[in-house]
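Asks: Mind folding the following:
(chains A and B)
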Amino acid sequence: MTNEEKFNLITRNLEEVLTADELKDLIKSGKPMKHYIGFEISGKVHLGTGLATMLKIKNLQDAGIETTILLADWHTWLNKKLDGTLETASKMARSYFEEGLKAAALCVGADPKKIEFVLGSELYKKLNNEYWANVIKVAKATTISRMMRSTNIMGRVAGQSSDTASLFYPAMQTADIFTLGVNIAHAGTDQRNVHVVARDCAKEVGYLKPIAIHHHLLQGLLKPPLWPIPEENREDIVTAMKMSKSKPDSAIFVTDSPEEIKRKIGNAFCPEGEIKYNPILDWAKYLIFYEKDSKLEIKRDEKFGGDITYTSYEDLEKDYAEKKLHPMDLKNAVAEWLIQKLEPARKYFEDPKRKKALEEIERLTKK
RNA sequence: CCUGAGGUGGCAGAGCGGUUUAUGCAACAGACUGUAAAUCUGUACUAGGUGGGUUCAACUCCUACCCUCAGGACCA
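Replies: Below you'll find the predicted structure:
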């Protein structure tokens, strides 16, 4: 694989790379590339955490990068998720979340065995003072206002009043990056602020400045609070509409049953001819047509034009915009695609132990 | 620690000592569109921070405690 091919693989479908030149240099240098992405154990694995992330991880694996997933149990605790205890977060990290991510990896053809899963609490314990020293170093190298601007990573509006612990969050996340020694930090675009903090203070803290890569956040299935979306705050609304674990009908989880998938897609917001904000098209673009050789088969009645197969997102979008493709036909096809794609995950969770863990996380997130 | 405001259903947000207990959003069902949305109709459901007390009866009064918010005090 040439350096250019590697670069293209790593950056495919990304929303942002900080910075592309640094990445090129890193590839050229031939140094080992170590990637990381972190997750809170805040609920079930959905298409965003699962498929979107794993598709990228597969690219990275193919490019020969060492991939790491941090199971951020401390962050989960700090953020009062699940039942609010560290113990539960740690337990569910291994019993459920890691398994859910592995299942998702299987769905997209990534190799779960080549992903290193690191549990936050184990890492911190192992490193003893070093980790917390890094947190303090980061805290010393940053300002409160800077940190407050980064706190939207927790699904909150930045700067909104919250407890003191939330200020530690970005410092910890940054320390994670340094402590793990990663040179490629990966996340959804919602976490770019923290990555920028990490890059800003890397030198001062005495660590490698990580390259940050950000993938697209999948849209949620629900109708936006304001429709049509006013142009001036379009960005805010769209990011607020991302798929969310806490709104089960906005998301599809990797273990959802075929019936559940059909129901959710069926209920999804999907205006005819609308291509600017359309979760189903968004999913088609970022999941189905993620790989170049993908295709989507539409099955429909003769009176609606008969079956058709799309081999590029552009064609799909064009027909949809011109109303040559009806939302319902699109929905059916996307639902069918997902049902098939997620089959390995459902199978994986037939295992009694995993199934039990899944039920437990469902219980914990119910309220 | 002090002062003030407040803690109501999934969320937002009123009133009231006693009855069918708002209202909005969300949810669910139906109608209408070959999806969803919008619109119309309907349904259900779910409360009163916690412990005491007053009362025939308390979400509504009293009291203690807890918590949130604003300000003050302390540090000076």
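Asks: Point out the residues in chain A that sit beside RNA strand B.
Replies: Contact residues of chain A with respect to RNA strand B, defined by C-beta under 7 Å from any atom of the strand, are listed as A:161, A:222-223, A:227, A:249, A:266-272, A:300-301, A:304-305, A:326-329, A:331. From N, CA and C alone the C-beta is placed, and that goes for glycine too.
Asks: Buried only: go through those residues for me.
Replies: For the residues of chain A next to RNA strand B, a burial check counting by 16 or more other C-beta atoms under 10 Å picks out A:222, A:268-270, A:300, A:326-327, A:329, A:331.
Asks: list the contacts for residue A:353?
Replies: The contact partners of residue A:353, taken as C-beta atoms under 8 Å, 6 or more residues apart in numbering, are residue A:95.
Asks: Please apply the same query to residue A:357.
Replies: Listed by C-beta under 8 Å, 6+ apart, the contact partners of residue A:357 are A:92, A:95-96, A:99.
Asks: how far away is it from RNA strand B?
Replies: 25 Å (C-beta to the nearest atom of the strand, to the nearest Å).
Asks: State whether residue A:244 and residue A:222 are indeed in contact, as I suppose.
Replies: No - the pair residue A:244 / residue A:222 is not scored as a contact, 9.1 Å apart, by C-beta atoms under 8 Å.
Asks: list residues touching both of the two?
Replies: Shared between the contact lists of residue A:244 and residue A:222 (criterion: C-beta under 8 Å, 6+ apart) are residues residue A:250.
Asks: In stretch A:213-227, which of the residues would be classed as buried?
Replies: By neighbour count, with 16+ other C-beta under 10 Å as the criterion, the buried positions of stretch A:213-227 are A:213-222, A:224.
Asks: Oops, could you answer that again for stretch A:116-130 instead?
Replies: By neighbour count, and taking 16+ other C-beta under 10 Å as the criterion, the buried residues in stretch A:116-130 are A:117-121, A:123-124.
Asks: for stretch A:165-175, same thing?
Replies: Neighbour-count burial for stretch A:165-175 [16+ other C-beta under 10 Å]: A:166-175.
Asks: ranges for the helices of the stretch 1-150 of chain A?
Replies: Assigned by DSSP state H, counting those that start in this stretch, the helices in the stretch 1-150 of chain A fall at A:3-11, A:20-29, A:53-62, A:73-78, A:86-92, A:98-108, A:120-127, A:129-140, A:144-150.
Asks: Sorry, wrong one. I was asking about the stretch 251-367 of chain A.
Replies: Per DSSP H, counting those that start in this stretch, the stretch 251-367 of chain A has helices spanning A:258-267, A:279-283, A:313-321, A:327-341, A:343-348, A:352-366. These are given in chain order.
Asks: related to what we said a few turns ago, among the buried residues of stretch A:213-227, which are in strands?
Replies: Using DSSP state E to define strands, the subset of those located there is A:213-215.
Asks: Can you tell me which of those lies closest to residue A:31?
Replies: Taking C-beta to C-beta as the measure, residue A:31 sits nearest to residue A:213 out of those, at 16.6 Å.
Asks: so what pLDDT did that closest one get?
Replies: At residue A:213, the model reports a pLDDT of 96.
Asks: That one contacts residue A:188, doesn't it?
Replies: No - judged on C-beta under 8 Å, residue A:213 makes no contact with residue A:188 at a distance of 10.4 Å.
Asks: ok, the one residue in the stretch 101-250 of chain A that gets nearest to RNA strand B - contacts?
Replies: The shortest separation between the stretch 101-250 of chain A and RNA strand B is 4.5 Å, found at residue A:223 (distances taken as C-beta to the nearest atom of the strand). By C-beta under 8 Å, 6+ apart, the residues touching residue A:223 are residue A:269.
Asks: Okay then, goodbye and thanks.
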